[in-house]
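1. My questions are about this predicted structure, shown below with the sequence.
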Amino acid sequence: MERPSLEFNLPHTREEGKLYVVDSLNNLNKLNVCPAESQHSLDEEESTGGTGERMAGSNTRNQCLFFITFILTLIVSLALVSFVISLIIQTRNEVDQISSRLLSEKKNIEELKKINNIILKHINQSGIKE
């Protein structure tokens with residue numbers, strides 16, 4: 001079955017009229033090609049400006065969601081890294097404090113050993129024996 005040609009020669013119409021006629025012919029062609037069940041999708045296509053624009057909008061929406069997810073992931077990662085760095089700094093400060101305490105205690109223990117040796121020498125020299 002052969003379809004009639006939808007091309008018309010419109011020599012006497014203005015440019016706007018030609019566009020209107022072509023648009024009307026396109027709509028008529030869509031109605032002839034599309035079954036009744038897909039009329040809803042045809043209406044959506046007309047309201048969104050066509051399948052290409054709908055897919056472009058969907059693609060743009062997906063890119064936007066990806067970008068937002070990427071930014072949120074970066075923010076969370078930055079927060080976690082900052083937290084880890086602060087923990088490392090606090091731990092280093094506490095280790096420095098503990099090591100300085102250990103050094104001072106080591107000095108105190110060495111002084112106590114010296115005092116103990118002096119006391120033992122003094123006891124041995126004085127001749128006090130038990």
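-> That came through fine. No experiment lies behind these values; they were computed from the predicted model shown. Numbers count the residues shown, from 1 in each chain.
2. which sections of the chain are below the confidence cut-off?
-> Scanning the chain for pLDDT under 70 picks out the ranges 1-20, 31-57, 128-130.
3. If we use 90, what do you get?
-> 1-64, 123-130 (pLDDT under 90).
4. Scan it for its longest helix.
-> The longest helix of the chain (DSSP state H) is helix 51-126.
5. Packing partners of that one?
-> Contact partners of helix 51-126 among helices and strands, from 3 or more Cβ pairs under 8 Å, 6 or more residues apart in numbering; DSSP states H and E: helix 39-48. Just so you know, the C-beta spots here come from the backbone N, C-alpha and C atoms, and that holds for glycine as well.
6. Tally up the residues packed near residue 30, please.
-> Around residue 30 there are 14 other residues, counting by other Cβ atoms under 10 Å.
7. before we move on, what SS does it have?
-> Classification of residue 30 using DSSP: H, G, I helix; E, B strand; the rest coil returns helix.
8. and it, how far is that from residue 22?
-> The spacing between residue 30 and residue 22, counted by Cβ to Cβ, to the nearest Å, is 13 Å.
9. Could you do residue 106 as well?
-> Counting by Cβ to Cβ - residue 106 and residue 22 are separated by 96 Å.
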